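Trainee: structure, please.
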Amino acid sequence: MDRRTFQLTGIYGLWALMGAAMATPALIYLLFPPKARKKTDFVEAADLKELTVNAPEEIVFRRDRADGWKITTEKTSAWVVKTAANEAIAFAPSCTHLGCAFHWDERKKEFICPCHTSGFAMDGKVLSGPAPRALDRYQIKVQGTKLMIGEVVKG
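Mentor: As a prediction, this is how the structure comes out:
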């Protein structure tokens, strides 16, 4: 083998090695997709002993969110209305009209969206305004006195 053939063989070998190094992650990505993650579990959000019956309260809790391979812990909130000793309703914190944040108006005894004047009853039903449907609710479970919050369900 002459020097020129030896050098060309070396160059082509390096090209093949670099191509394989670049193609391997792409092939792994295409042939072995990530395993489907379970639906997010319920997260402990509040202690029902600390809430007052028929007095909506905004609570803040942490939950994990999966975005592809990345899992982030984020802080989110819910409006919780304790209806009995071990019963509650938890509403997602955004209006069903355009997603604005609403608040509880103690004087009017209703949830108010300040942007577009939608009003909602304590049970989440639309009282006034352009909101097309009731407030979205979180799935909830009560374990002892702990309120566990799950996924959002459309109202």
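Trainee: what are the ranges of the strands in the protein?
Mentor: Counting by DSSP state E, one finds strands in the chain at the ranges 43-47, 57-67, 70-84, 87-91, 103-105, 110-112, 119-120, 126-128, 137-143, 146-153.
Trainee: now for the fifth one, which elements pack on it?
Mentor: Applying 3 or more C-beta pairs under 8 Å, 6 or more residues apart in numbering; DSSP states H and E, one finds that strand 103-105 contacts strand 110-112. Every residue, glycine included, has its C-beta placed from N, CA and C.
Trainee: direction included, what does the strand it packs on pair up with?
Mentor: strand 103-105 (antiparallel), strand 119-120 (antiparallel) (DSSP bridges).
Trainee: most packed of those strands?
Mentor: Highest mean neighbour count of these: strand 119-120, a mean of 21 (counted as mean count of other C-beta atoms under 10 Å).
Trainee: show me how the chain divides into domains.
Mentor: 1-33, 43-153 (automatic domain parsing).
Trainee: make TSV from the ones you listed and add mean pLDDT to it.
Mentor: As requested, these are exported to TSV (pLDDT from 0 to 100):
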stretch	mean pLDDT
domain 1-33	94
domain 43-153	90
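Trainee: please identify the deepest-packed of those domains.
Mentor: Highest mean neighbour count among the domains of the chain (mean count of other C-beta under 10 Å): domain 43-153, a mean of 15.
Trainee: the closest residue to S118 other than its chain neighbours: what's it in contact with?
Mentor: Leaving out its chain neighbours, the residue that sits closest to S118 by C-beta to C-beta, 6 or more residues apart in numbering is G129, at 3.1 Å. Counting by C-beta atoms under 8 Å, 6 or more residues apart in numbering, G129 touches H97, C113, H116, T117, S118, G119.
Trainee: quickly list what I89 is bridged to.
Mentor: V81.
Trainee: what pairs with the residue nearest the centre of the chain across the strands?
Mentor: Closest residue to the average C-alpha location of the chain: R65 at 5.9 Å, with C-alpha atoms, centre = their mean. R65 has these beta-bridge partners by DSSP bridges: T72.
Trainee: how about the contacts made by A55?
Mentor: Listed by C-beta under 8 Å, 6+ apart, the contact set of A55 reads V81, K82.
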